[in-house]
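Novice: Quick one, what's the 3D model for this:
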Amino acid sequence: MFLKEIVVQNQVGLHARPATFFIQKANEYKSSIWIEKDEKRVNAKSLLGVLSLGVTKGVSITILAEGSDEEQAVNELVSLISSDFS
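Specialist: Next comes the predicted model:
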């Protein structure tokens, strides 16, 4: 298992459009991927799951992955969040 913590700096957090970009990127990987916020863990490939976390600007989340491409998946998703989804 590979994981990284990141603080979301995007103006709207992980809602609507940014969440869609995040999920599309997560679905490019074979690994199982999750997002954790305040001890709640959801499937990073599920729109309802990601939106249910209510991630807003300034919130710290942990991205975890387990599988053959886990390290690449986590690093790419962290980069996507760091780039403000551009």
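
Novice: Please count neighbours and contacts with C-alpha atoms only from this point.
Specialist: Fine.

Novice: How about the contacts made by residue 86?
Specialist: Going by C-alpha atoms under 8 Å, 6 or more residues apart in numbering, residue 86 touches residue 80.

Novice: Now do the helices in this structure.
Specialist: Ranges of helices in the chain, per DSSP state H, are 16-26, 47-52, 70-82.

Novice: The second one packs against which elements?
Specialist: Helices and strands in packing contact with helix 47-52 are listed as helix 16-26, strand 40-43; criterion 3 or more C-alpha pairs under 8 Å, 6 or more residues apart in numbering; DSSP states H and E.

Novice: And it, what's buried?
Specialist: Residues 47, 50-51 are the ones in helix 47-52 that count as buried (16 or more other C-alpha atoms under 10 Å).

Novice: Pull the distance from it to the chain's centre.
Specialist: Distance of helix 47-52 from the chain centroid (C-alpha atoms, centre = their mean, to the nearest Å) equals 10 Å.

Novice: Residues touching it, excluding its own?
Specialist: Helix 47-52 is contacted from outside by 14-16, 19-20, 23, 35, 42-44, using C-alpha under 8 Å, 6+ apart.

Novice: Now the buried members of the residues you listed.
Specialist: 14-15, 19-20, 23, 35, 42-44.

Novice: In terms of distance to residue 56, which of those residues ranks first?
Specialist: residue 14 (6.4 Å; C-alpha to C-alpha).

Novice: Looks like that closest one contacts residue 56 (just checking).
Specialist: Yes. Residue 14 lies in contact with residue 56 (C-alpha atoms under 8 Å); the separation is 6.4 Å.
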